[in-house]
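Colleague: sequence and predicted structure, then a few things I'm wondering about:
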Amino acid sequence: MSHEEKVIVVEGKSDKKRLEKLINEPVKIICTNGTLSIDKLEELFDELEGKDVYILTDADDAGAKLRKQLLHEFPNAEHLYIDKMYREVATTPFEYLARLLLSANFLVNKTYYM
């Protein structure tokens with residue numbers, strides 16, 4: 001079994017890169033690239049079974065649609081929300097994301113919330 005008990009599902013690679021800079025513990029970050037096919041969902045389901053799943057999508061229609069789809073498949077997932085004024089995870093200030101992650105009990109690189 002891997003050390004990565006926590007999994008964050010995001011939309012794109014730029015979201016993933018942003019979170020990787022912030023998080024200071026082993027966490028698997030999965031990109032859906034905006035849409036989820038049945039095959040991708042089944043693959044995700046196998047990968048996420050028994051793990052703590054967090055969903056962090058953009059604050060727009062596409063993000064809401066993906067979140068709804070994931071909510072249906074992973075009803076026990078914890079949803080993390082960015083403020084609508086930032087719209088995209090990739091452009092949300094590091095400090096804001098750091099506080100969001102800290103509130104969900106992630107270990108965060110201290111340089112981002114001093």
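Modeller: Arrived safely. Residues are numbered from 1 along each chain as shown.

Colleague: strands of this structure, start to end?
Modeller: Per DSSP state E, the chain carries strands over the ranges 6-10, 27-31, 52-56, 78-80.

Colleague: what about the last one, average pLDDT?
Modeller: What strand 78-80 shows for mean pLDDT is 97.

Colleague: can I get the worst-scoring helix or strand of the chain on mean pLDDT as CSV, trimmed to CA atoms?
Modeller: Sorting the helices and strands of the chain by mean pLDDT, DSSP states H and E puts helix 38-48 at the bottom, at a mean of 82. Extracted in CSV, the C-alpha atoms of helix 38-48 (Å, rounded to 0.1, in the frame of the first residue of the first chain):
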residue,chain,number,x,y,z
ILE,A,38,-17.1,6.2,-18.2
ASP,A,39,-13.6,4.6,-18.6
LYS,A,40,-11.9,7.4,-16.8
LEU,A,41,-14.5,7.2,-14.0
GLU,A,42,-13.9,3.4,-13.5
GLU,A,43,-10.2,4.0,-13.5
LEU,A,44,-10.6,6.7,-10.9
PHE,A,45,-12.9,4.6,-8.8
ASP,A,46,-10.3,1.8,-8.5
GLU,A,47,-7.6,4.3,-7.7
LEU,A,48,-9.6,6.2,-5.1
